[in-house]
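[1] Have a look at this prediction, sequence included:
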Amino acid sequence: MKKVLTGIKPTGEIHLGNYFAVIADILELQKKNTEIFLFIADLHTLADSTIDIKQTHKKTDELVKSFVALGINPKKTIIYRQSDFPQLTELMWVLFSITTFPHLQRSHAYKSAVASKKIPTLALSIYPVLMASDILLPDFDIIPVGRDQLQHIEYTREWARKFNKQFGKYFKEPNVFVKDDIEIMGTDGRKMSKSYKNTLPIFADKEIIQKKIAAIKTDSKGRGEKLNPDKCNIFYFYDLLTNDSSSLREKYLSGSVGYKEAKNELLNVFMNKFDDSRKKYNKIIKDANFTEKILSKNRKKINKLLDRRLHEIKILVGLRKK
């Protein structure tokens with residue numbers, strides 16, 4: 001059985017962009033003969049100076065509960081928290097021994113920080129090495145990624161080759177499954193992002209979602225005028241959330257619907273799609289031990305695997321005797 005890894009940083013409420021970029025893929029993978037590992041990349045949040053890291057524990061709890069409410073089955077998908085496993089940072093130190101700093105300075109994360117005039121911390125600079133440890137130590141087979149992460153995965157494959165050449169063959173190079181570039185648009189027309197404050201949070205109160213939908217900008221056309229569905233953010237979200245948007249498209253093209261009515265239809269579609277998930281989330285959010293029960297169960301299983309592999313690595317590099 002192939003082992004698949006995917007992850008997400010605990011940086012805020014689950015929104016529509018997260019759902020279609022990450023969660024929908026996992027729901028499909030759960031139907032196949034794969035072993036899915038979903039990790040909360042909380043250590044990676046330390047590399048981002050824009051994140052309030054004091055909220056990381058709370059956001060992790062909300063994230064796990066959101067996953068389960070949206071249909072991720074803990075019996076089919078192994079959910080774990082990155083910071084529970086110091087073995088990952090131990091391997092990172094080993095990988096440092098075959099890494100040069102100029103190589104890290106060529107990474108997208110580093111270049112992006114410099115270009116935006118941020119001070120690149122050491123944590124940001126070594127981000128790709130920790131990412132490689134996340135993948136190599138648990139011995140994953142397939143890593144689904146967007147094109148923006150391809151460089152980091154190639155770095156991981158390169159470190160596997162360097163390690164095998166210097167210390168003896170041990171790591172396999174993970175296969176990459178390049179996902180279609182799904183960039184969900186936000187309510188303002190830009191990429192949906194918490195930093196832009198243009199998200200549609202799935203578990204927010206209905207009044208908040210209604211207010212966000214009401215704020216979607218439109219042109220000045222009124223009811224009775226033909227509207228262009230292909231240049232309307234309201235229709236974009238409606239089409240994203242439904243299997244059949246032909247009825248609303250016809251109304252747009254015939255001029256029989258106005259933007260206010262279209263926004264009301266969008267709100268109804270949004271609430272209906274996530275109705276069961278919202279009910280489940282509101283129930284499990286009250287269980288203070290829900291997340292820890294899932295994480296502690298998986299912690300034992302993953303610890304056993306990581307301890308064994310790290311010991312084998314220490315033997316190869318000379319830190320332990322055979």
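    Structure's in. What do you need?
[2] wouldn't K221 be in contact with C232 here?
    No. Between K221 and C232 there is no contact under Cβ atoms under 8 Å: 9.8 Å. For the C-beta atoms, the positions are set from N, CA and C on the backbone; glycine is no exception.
[3] residues shared between the contacts of these two?
    Y259 (Cβ atoms under 8 Å, 6 or more residues apart in numbering).
[4] neighbour-wise, which of those two wins?
    C232 (21 against 14; other Cβ atoms under 10 Å).
[5] check contacts around the residue nearest to L227 when sequence neighbours are not counted.
    Leaving out its chain neighbours, the residue that sits closest to L227 by Cβ to Cβ, 6 or more residues apart in numbering is Y252, at 4.2 Å. Shown in contact with Y252 (Cβ under 8 Å, 6+ apart): K226, L227, N228, P229, C232, F235, A262.
[6] Name the member of those with the most neighbours.
    In the contacts of Y252, the most neighbours by other Cβ under 10 Å go to L227, 26 neighbours.
[7] tell me the contacts of it?
    K221, Y252, L253, G255, V257, Y259, A262.
[8] Domain ranges for the chain, per the record?
    Domain ranges of the chain: 2-184+290-317, 204-273, per automatic domain parsing.
[9] Can you say which of the ones you listed is packed in most?
    Highest mean neighbour count among the domains of the chain (mean count of other Cβ atoms under 10 Å): domain 2-184+290-317, with a mean of 17.
[10] so what does the helix or strand of the chain with the lowest mean pLDDT touch, helix or strand wise?
    One helix or strand of the chain scores below all others by mean pLDDT, DSSP states H and E: strand 175-178, with a mean of 78. In terms of contacts (3 or more Cβ pairs under 8 Å, 6 or more residues apart in numbering; DSSP states H and E), strand 175-178 is packed against strand 142-145, helix 150-167.
[11] dump the residue contacts of K221.
    K221 touches L227, Y259, counting by Cβ under 8 Å, 6+ apart.
[12] Got phi/psi on it?
    Backbone dihedrals for K221, given as degrees, to the nearest 10, come out at phi -70, psi 140.
[13] State the pLDDT value of it.
    K221 carries a pLDDT score of 93 in this model.
[14] cool, A115 as well?
    86.
[15] how close does it get to A109?
    11 Å (Cβ to Cβ, to the nearest Å).
[16] hmm, back to that, okay, the host helix or strand of the residue nearest to L227 in PDB with CA atoms only?
    Taking DSSP states H and E as the definition, Y252 sits inside helix 246-254. Extracted C-alpha coordinates of helix 246-254, given in PDB (Å, rounded to 0.1, in the frame of the first residue of the first chain):
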ATOM      1  CA  SER A 246     -26.800  26.100 -15.700                       C
ATOM      2  CA  SER A 247     -30.000  27.500 -14.300                       C
ATOM      3  CA  LEU A 248     -28.300  30.600 -12.800                       C
ATOM      4  CA  ARG A 249     -26.300  31.000 -16.000                       C
ATOM      5  CA  GLU A 250     -29.500  31.200 -18.000                       C
ATOM      6  CA  LYS A 251     -30.900  33.800 -15.500                       C
ATOM      7  CA  TYR A 252     -27.700  35.900 -15.900                       C
ATOM      8  CA  LEU A 253     -27.900  35.800 -19.700                       C
ATOM      9  CA  SER A 254     -31.600  36.600 -19.800                       C
END
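[17] For it, the averaged confidence score.
    So the average pLDDT for helix 246-254 ends up being 96.
[18] next helix or strand past it?
    Following helix 246-254 toward the C-terminus (DSSP H and E): helix 259-273.
[19] I would like the residues contacting that next one, please.
    200, 206, 209-210, 213-214, 216, 218, 221, 223, 227, 232, 234-235, 237-238, 241-242, 248, 251-252, 257, 278.
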